[in-house]
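Chemist: Just a sequence and a predicted model for now, questions to come.
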Amino acid sequence: MEKTDRDYYTLDDMFVSKAAKRARSGEEEEVQRRKAIREHQQLAACMEKCPYCFDSSELSKHLIIAIGTKVRKYQFNTNVEKKRNYVRVFKIRNEIASMEEFIVLHLSFLALSVDSTTSSRMFRNALVKMFEAKDLDCVFLETNMSMKKRYHMVYECIPLPKEVGDMAPIYFKKAIMESDEEWSMNKKLIDLSSKDIRKSVPKGLPYFSVDFGLQGGFAHVIEDQHNFPHYFGK
């Protein structure tokens, strides 16, 4: 009967095989280690140049008007003549986010932790009440794109006169449905009146969303990020 390779397999062969496996495992670990170092260096460089990261030299810290444990409120003027402000609320650090505006910052609302989501909603409630006291409505916008580049999330709150705020849902719905063919093949407009964005859009997908005060709003997945206008909704 002819002998097979198994019959010739010796104790030395077993040791050689195990040593080869250990060597391959060590090589894979080294590749993963270098990859992790490279990603960390890229993220650190991105955060250093990010105008929204709390530790970044690019951040205009004198414009910060409120700091929470998870998010901060940031304000700057964009139209001195009309005396309107542009205010933002950002997450304190980035992680693996012509009017007065507030923004909450992270990679996206989908990536926020429970604590950050709670803090963001507290700011949102406070902003709505503040604008109501001034007889103003407000809308909240988020454009989430380029997840691989780890851009900070920008959640904008724009105050509007009451008469404009009343018509805002109609304006935004019409604008999204008329322009979505330029940057999306999916025609479905997502209704956020009964559930928030975290339960409406799969994590990791780029999207645009708008909420009206403390009510819901609309969202739409962005399939073609290159054709999506960065100024949409503003």
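Modeler: It's in. Numbering: from 1, shown residues only.
Chemist: So Arg198, which state does it fall into?
Modeler: Secondary structure, DSSP: H, G, I helix; E, B strand; the rest coil: Arg198 is helix.
Chemist: State the distance from it to Met145.
Modeler: Here the distance between Arg198 and Met145 works out to 18 Å (CB to CB, to the nearest Å). In short, each C-beta sits where N, CA and C put it, glycine included.
Chemist: Also Ile197?
Modeler: 14 Å.
Chemist: More neighbours: which of those two?
Modeler: With neighbours defined as other CB atoms under 10 Å, Ile197 and Met145 compare such that Ile197 has more, 19 against 15.
Chemist: Check what pLDDT the more buried one gets.
Modeler: At Ile197, the pLDDT value in this model is 77.
Chemist: Does it touch Tyr207 like I think?
Modeler: Yes - between Ile197 and Tyr207 there is a contact under CB atoms under 8 Å: 7.5 Å.
Chemist: Mutual contacts of these two, please.
Modeler: 142, 219 (CB atoms under 8 Å, 6 or more residues apart in numbering).
Chemist: What ranges does this protein have for its helices?
Modeler: With DSSP state H as the criterion, the chain has helices at 11-49, 114-133, 162-179.
Chemist: Report all helices and strands that the second one contacts.
Modeler: Read that as helix 114-133. strand 71-79, strand 84-91, strand 136-144, strand 155-161 (3 or more CB pairs under 8 Å, 6 or more residues apart in numbering; DSSP states H and E).
Chemist: could you give the mean pLDDT of the first one?
Modeler: Averaging pLDDT along strand 71-79 yields 45.
Chemist: and if you look at the shortest one?
Modeler: Per-residue pLDDT values across strand 155-161 average out to 84.
Chemist: Report the buried residues of it.
Modeler: Using 16 or more other CB atoms under 10 Å as the burial criterion, the residues of strand 155-161 that qualify are 155-160.
Chemist: Next, the angle from that strand to helix 114-133.
Modeler: Going by axes from the mean of the first three to the mean of the last three CA atoms, to 10 degrees, strand 155-161 is angled at 10 degrees with respect to helix 114-133.
Chemist: Could you pull up the residues touching Val210?
Modeler: 139-142, 172, 217-219, 233.
Chemist: Same list (those residues) but as CSV, adding pLDDT.
Modeler: Output for those, formatted as CSV (pLDDT from 0 to 100):
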residue, pLDDT
Val139, 90
Phe140, 89
Leu141, 87
Glu142, 85
Phe172, 91
Gly217, 91
Phe218, 92
Ala219, 89
Gly233, 76
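Chemist: still on that earlier bit, now the buried residues of strand 155-161 as CSV including distance to Gln32?
Modeler: Supplementary listing: the buried residues of strand 155-161 in CSV, determined by distance: CB to CB, whole Å:
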residue, distance to Gln32
Tyr155, 34
Glu156, 38
Cys157, 41
Ile158, 44
Pro159, 48
Leu160, 50
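Chemist: Pick out whichever of the residues you listed sits closest to Lys203.
Modeler: Of all these, Lys203 sits closest to Tyr155, with 16.4 Å by CB to CB.
Chemist: Need the per-residue pLDDT for the nearest residue to Gly213 once chain neighbours are set aside.
Modeler: Using CB to CB, 6 or more residues apart in numbering and skipping residues adjacent in sequence, the residue nearest Gly213 is Val128, 5.2 Å away. Note for Val128: predicted pLDDT of 88.
Chemist: Appreciated, that's everything.
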